[in-house]
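J.: Any chance you can model this:
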Amino acid sequence: MDKYINAPISKEVAADLRSGDTVYISGTIYSARDAAHLRMSNALKNGEELPFDIVGNVIYYMGPSPSREGRPIGSAGPTTAGRMDKYTPQLLDLGLRGMIGKGKRTQDVYEAIKRNGAVYFAAIGGAGALLSKAIKKSEVIAYDDLGTEAIRKLEVENFPVIVVIDSEGNNLYETAIEEFKMD
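T.: Now for the predicted structure:
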């Protein structure tokens, strides 16, 4: 089922999303990859504030290519989500509502998604140039020295994703395998 939502995402909106839904996100999301997640983890260990209010927000695991003239961002395809898994349960417990990436998640992340009523979305790998067209504005807000891994505030319009793990723990990667299994 196609759904159109705005980010940040409330717990009620997250609860309405089902594994397998195609979702179009509009609003504000943030990009962060491995190095930014490590810095956020260290900030939390040191009692420091995160560079943005994590509650209800969505992190897109993405490091863009340089933007071309007249565009806010270059190719913006998803990064393998598993690389952020050691940091993700803590961020979910602090109120992170959604993540966009590609690939499977660990059991710890899976449990944290269910515990916190969050959602894991997948973006289509290899479609970074197409995905970048849904990004209307991009601004580095933290860790500029990390280059493409800096945290960016992104304004998106109808950014296309698929719900992989919903707030109840239904996992498309598992159900799809069962659905298409040959006997």
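
J.: shaky segments in this protein?
T.: Across the chain, the ranges flagged by pLDDT under 70 are 176-183.

J.: what about 90?
T.: 1, 63-71, 74-75, 124-130, 173-183 (pLDDT under 90).

J.: What's opposite residue 58 in the beta bridge?
T.: residue 98 (DSSP bridges).

J.: can you pull the buried residues of the longest strand seen in the chain?
T.: Under DSSP state E, the strand in the chain containing the largest number of residues is strand 151-165. Judged by neighbour count using 16 or more other Cβ atoms under 10 Å, the buried positions of strand 151-165 are 151-156, 159-165. No exception for glycine: its C-beta is placed from N, CA and C like everyone else's.

J.: now stretch 30-48
T.: Neighbour counts over stretch 30-48 (16+ other Cβ under 10 Å) mark 30-40 as buried.

J.: need the contact list for residue 6.
T.: For residue 6, the contacting residues are 25-27, by Cβ atoms under 8 Å, 6 or more residues apart in numbering.

J.: With residue 80 instead?
T.: Going by Cβ under 8 Å, 6+ apart, residue 80 touches 61, 101-103.
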